[in-house]
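Colleague: I would like to see how this sequence folds:
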Amino acid sequence: MTNNHESLKPALLRNRLLGAVILVAMLVCLVTIISPSTTKRADATVPRPLISEDGKLPDGVYALLREGITPDETEKLAEPHHVLVGHTTEGEQELVAVAMHSYLPLELARVPVLSEGENGHFSIDLKLAPNLESALEAFTGRHKRIAIVLDGEIVTRHKVHGPIKGGEVKISRCGDERCEVIYAKLTD
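Modeller: Numbering: from 1, shown residues only. Okay, here's the model as predicted:
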């Protein structure tokens with residue numbers, strides 16, 4: 001009887017080892033599956049903007065979906081969006097759709113700095129709160145056109161040239177004294 005019992009030990013050991021290998025393989029698969037969703041959540045550390053009772057969006061930076069859009073076209077947009085009135089460079093009104101899932105609040109680390117550059121155009125330097133630095137980098141890495149919304153209105157739209165690191169933002173080439181307007185609203 002000892003011989004049968006002794007012959008079961010290698011089989012039992014083999015089964016336990018096989019079970020451990022399968023368990024490790026399952027854990028690796030689980031980490032692989034969970035890992036991408038975790039990184040997505042890490043980028044989305046900024047909550048979605050909540051529209052106030054009077055229909056205004058909170059102050060912040062939004063990804064532009066469409067500019068010069070018609071009311072019929074707004075109904076066909078697949079992404080969650082909000083439509084605002086913007087102004088063209090000629091001063092004419094146009095409808096602009098901003099993405100509701102791509103938003104960055106304007107929480108500043110210090111008072112903005114307004115400076116006059118060459119050609120008499122102003123620029124404004126902003127420093128976002130430290131907790132928004134990585135969100136700003138991810139946001140500007142994904143979006144090439146953005147809108148700055150203050151007091152429920154688009155005050156300016158800009159082209160993004162690449163990911164902005166460190167939370168330092170320079171808004172330049174503001175038309176129609178937009179930099180002065182942004183400065184006044186942010187320091188009010």
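Colleague: name the element residue 165 belongs to?
Modeller: Secondary-structure assignment from DSSP states H and E places residue 165 in no helical or strand segment.
Colleague: State the next helix or strand along the chain beyond the lengthiest strand in the chain.
Modeller: For the chain, the strand with the greatest residue count under DSSP state E is strand 93-105. With elements assigned by DSSP H and E, the helix or strand that comes after strand 93-105 is strand 113-116.
Colleague: helices and strands around that following strand, which ones?
Modeller: Applying 3 or more Cβ pairs under 8 Å, 6 or more residues apart in numbering; DSSP states H and E, we find strand 113-116 packed against strand 122-127, helix 178-187. The way it works is simple: take the backbone N, C-alpha and C, and place the C-beta from them, glycine included.
Colleague: mind giving me TSV with these and columns for mean neighbour count?
Modeller: Rendered in TSV, the data for the helices and strands packed on strand 113-116 read as follows (neighbours: other Cβ atoms under 10 Å):
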stretch	mean neighbour count
strand 122-127	18
helix 178-187	18
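Colleague: Can you tell me the closest non-neighbouring residue to the residue positioned nearest the centre of the chain?
Modeller: For the chain, the residue whose C-alpha lies nearest the mean C-alpha position (Cα atoms, centre = their mean) is residue 139; its distance is 3.8 Å. Nearest-residue entry for residue 139: residue 104, 5.0 Å, with adjacent residues in sequence omitted and distances by Cβ to Cβ, 6 or more residues apart in numbering.
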